[in-house]
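>>> Turn this into a structure:
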Amino acid sequence: APRLFHTAGLSKQAGRLWAECTRRRYDFERPWRSAEKVKRLTREQLIAFFDRHVASGSPTRRQLSTHVYAQSMAPPQLRVQLPGDDFYPAPRDLLLV
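All right, here's what the predicted structure looks like:
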């Protein structure tokens, strides 16, 4: 399982740390805690979860279907009118103030 291994390479580690910052979580030890939780799972627990939430025919099964269209290929009722270039005002030039 990839979660159980240490982040290889400075670039990947920096990416992981920046992802925590951009999501405003600042929980830099989260991957290791998640890995510890995964290690404690038993095969029986995993199978029970699958049978309860994923298996076809389960009464508690839920499905989500997502469709992604290019703007030009989307059905007309799903097309979104995008704001024009003037939606955001131009920033002030701070050098001229």
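>>> Which pLDDT does the model give G57?
Listed pLDDT for G57 reads 90.
>>> which SS class is it?
Recorded secondary structure, G57: coil (DSSP: H, G, I helix; E, B strand; the rest coil).
>>> Just give the number of residues close to it.
By other CB atoms under 10 Å, 6 other residues sit near G57. C-beta coordinates here come from the backbone N, C-alpha and C atoms, glycine included.
>>> One more: D51?
Counted with other CB under 10 Å, residues neighbouring D51 total 13.
>>> How about the contacts made by it?
Contact analysis of D51 by CB atoms under 8 Å, 6 or more residues apart in numbering lists S58.
>>> And it, how close does it get to K12?
Here the criterion is CB to CB, to the nearest Å. By it, D51 lies 35 Å from K12.
>>> repeat for T22
Counting by CB to CB - T22 and K12 are separated by 16 Å.
>>> and if you look at Q45?
Plainly put, Q45 is 30 Å away from K12 if you go by CB to CB.
>>> Over to P76?
Using CB to CB, we find P76 at a distance of 43 Å from K12.
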